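Visitor: My questions are about this predicted structure, shown below with the sequence.
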Amino acid sequence: MQQVKLISTDGKLEFSLSGEIDSATSEDFYAEVRTAYLHDKKDVVFDCSALTFIDSTMLGTFVKILKELKADGYVMSLKNVQPRIRKLFEICSLDTIMEIGR
């Protein structure tokens, strides 16, 4: 199953995330997102409706992506985040530095 899929480039880069993305797959995730972003720099949106699990490594990867986008003047947001995954962001106070929609 593909865990990261670029689904739209209209105005923003929108990625659909699915399944489990953790320390074993976070480097591939980062590389795929970064490649698309460097090819077409704009705001990035992650649709997390089919995402079932992330770990602390992925939280760090999201922060790394956020820092890169902010340095270039762009915004990163997550939408359709399931409650238990959203809770991870809240526990680490990451919901205060990035947009995390329900």
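Guide: Looks like it came in fine.

Visitor: how many neighbours does Gln93 have?
Guide: Quick fix: residue 93 reads Ser, not Gln. 8 (other C-beta atoms under 10 Å). In this view, the C-beta of every residue, glycine as well, is placed from N, C-alpha and C.

Visitor: Likewise for Asp22?
Guide: Using other C-beta under 10 Å, Asp22 is surrounded by 16 other residues.

Visitor: and the gap between it and Thr57?
Guide: To Thr57, Asp22 is 6 Å away according to C-beta to C-beta, to the nearest Å.

Visitor: and what of Ile100?
Guide: 18 Å.

Visitor: Longest strand in the protein, please.
Guide: strand 44-54 (DSSP state E).

Visitor: any idea of the angle the helix ranked longest in the chain forms with strand 44-54?
Guide: Across the chain, the longest stretch assigned as helix under DSSP state H is helix 56-71. With axes from the mean of the first three to the mean of the last three C-alpha atoms, to 10 degrees defining the directions, helix 56-71 sits at 170 degrees from strand 44-54.
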